[in-house]
Each structure stands twice: as C-alpha cells, then as structure tokens.
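Visitor: have a look at this prediction, sequence included:
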Amino acid sequence: DGSKVRGRYSFVYVMEDGEWKISHHHSSVMPEGVLPTAISKQEVRDLFQLWNGALATLDSSEVAARYSKEAVLLPTVSDLPRTNQDLIVDYFDGFLQKMPQGEILKGDIIIGTNWAQDAGVYEFTMGVDGSKVKGRYSFVYVFEDGEWKISHHHSSVMPEAFLGPAAPVEEVVEEMVEA
C-alpha cells in the first residue's frame, strides 16, 4: 500500500571466507513511532463527565473500566491505595452506595503527548441524602488501547474543613521571612 514505517536497525558483519557477511541483524519500529493522539482541554474535561456518568450507573465495574490497566486510585474515604482493577471495584462498591454525582468547581488542565492532567476542586452531591462534599482532585489520563483512561486519580477532602482556615498568605510570608 506504499505506507512507510521508521525503524532502527543494527548489523554485525564478520569476515568469512574472504567475504563480509551479516553475523547478526536486528530491526524494530522506533519507540517514538507511537503517534500522538490529539486532545483538547474541553475533551479532557469531558473525560470527567464520562467518569461521572459511570458513577451514575451505580455499577462499580463500569466505573473501574474508566481506569487504565495499571491505574492508581488514592480515594477520598479509604486509607488503602487502589492499584489494580479488583481494588478499584472494591472501593466503588462502597462509595456508589452513596449515589454520588460530581461537579468540577475549578480545575486546571495540562496536555502532553498521549497524556493529560486535570487537577482542581470538585464537589459531590450524595444522592442518598443530598449532602455535599468538596474535595481536591487530580486525574492523569493516558491514551491506552485506543481510549483515554484514568492512570492516576487522587481525591482528598478539603483540609480546612478539619484543620480550620489557613493563615492569610501575608502572615505565612512574614513568618518565613522572620525564620
């Protein structure tokens, strides 16, 4: 079909019976040959909506399917890092009982080659009782097997809810200067 593939190669030659002959040959596709998959900031934000839609199914397997093969989930209400599909499913088995629906309140997106990051503040409304929980989040997405998947997801409650308001920035800078 006339398509071309960039590759790398090596040859080892030896002199044999007065002739140069190939003793060893290796060739492979260039590792950089993986083409970047374009994604816009809006499309990255839409990945959150896919995940949020999976939450709405109340099916932990549907939610876990949004995560990559080697994903890490550091969830809000569990001390255990979730580092495989079974552990991710287990976490959502419990969390989905609250019937959560999330909304991003503020987030910043960074895009790289076949990865994207969305980090900021989101809020969940729990369908079982209407309570709301604000949290900090980070999602790192990777392009895997033709789909954008969550590779890393960290969620934590807002610390000031437990520790009290932080000192104004001016006081913190002043303390640093005096130290």
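Guide: Right, received. Where do you want to start? Residues are numbered from 1 along each chain as shown.
Visitor: do you have the strands of the protein handy? List them.
Guide: Assigned by DSSP state E, the strands in the chain fall at 7-16, 19-29, 67-74, 100-112, 115-126, 132-144, 147-157.
Visitor: in JSON lines: those, plus distance to Pro81, mean pLDDT and mean neighbour count.
Guide: Quick note: C-beta positions are derived from backbone N, CA and C, even for glycine. Formatted as JSON lines, the strands of the chain follow (distance: least, Cβ to Cβ, whole Å; pLDDT from 0 to 100; neighbours: other Cβ atoms under 10 Å):
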{"stretch": "strand 7-16", "distance to Pro81": "37", "mean pLDDT": "77", "mean neighbour count": "10"}
{"stretch": "strand 19-29", "distance to Pro81": "34", "mean pLDDT": "77", "mean neighbour count": "10"}
{"stretch": "strand 67-74", "distance to Pro81": "6", "mean pLDDT": "96", "mean neighbour count": "18"}
{"stretch": "strand 100-112", "distance to Pro81": "20", "mean pLDDT": "97", "mean neighbour count": "14"}
{"stretch": "strand 115-126", "distance to Pro81": "18", "mean pLDDT": "97", "mean neighbour count": "17"}
{"stretch": "strand 132-144", "distance to Pro81": "14", "mean pLDDT": "95", "mean neighbour count": "18"}
{"stretch": "strand 147-157", "distance to Pro81": "10", "mean pLDDT": "96", "mean neighbour count": "18"}
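Visitor: and the ones you listed: which comes nearest Ile88?
Guide: Closest to Ile88 of the strands of the chain is strand 67-74 (Cβ to Cβ; 5.3 Å).
Visitor: what lies in contact with the helix of greatest length in the chain?
Guide: What stands out as the longest helix in the chain, according to DSSP state H, is helix 41-56. Residues from elsewhere that reach helix 41-56 (Cβ atoms under 8 Å, 6 or more residues apart in numbering): 62-63, 65-66, 92, 96, 100-102, 104, 107, 109, 111, 116, 118, 139, 141, 148, 150.
Visitor: find the nearest non-adjacent residue to the residue sitting nearest the centre point of the chain, please.
Guide: The chain has Val140 as the residue nearest its centroid, 2.4 Å off, counting by Cα atoms, centre = their mean. Once flanking residues are discounted, Val140 sits nearest to His152: 4.0 Å by Cβ to Cβ, 6 or more residues apart in numbering.
Visitor: so that neighbour touches Ala119, yeah?
Guide: No. Look at His152 against Ala119 with Cβ atoms under 8 Å: they stay out of range, at 10.4 Å.
Visitor: overlap in contacts, those two.
Guide: Counting by Cβ under 8 Å, 6+ apart, the residues touching both His152 and Ala119 are 138-139.
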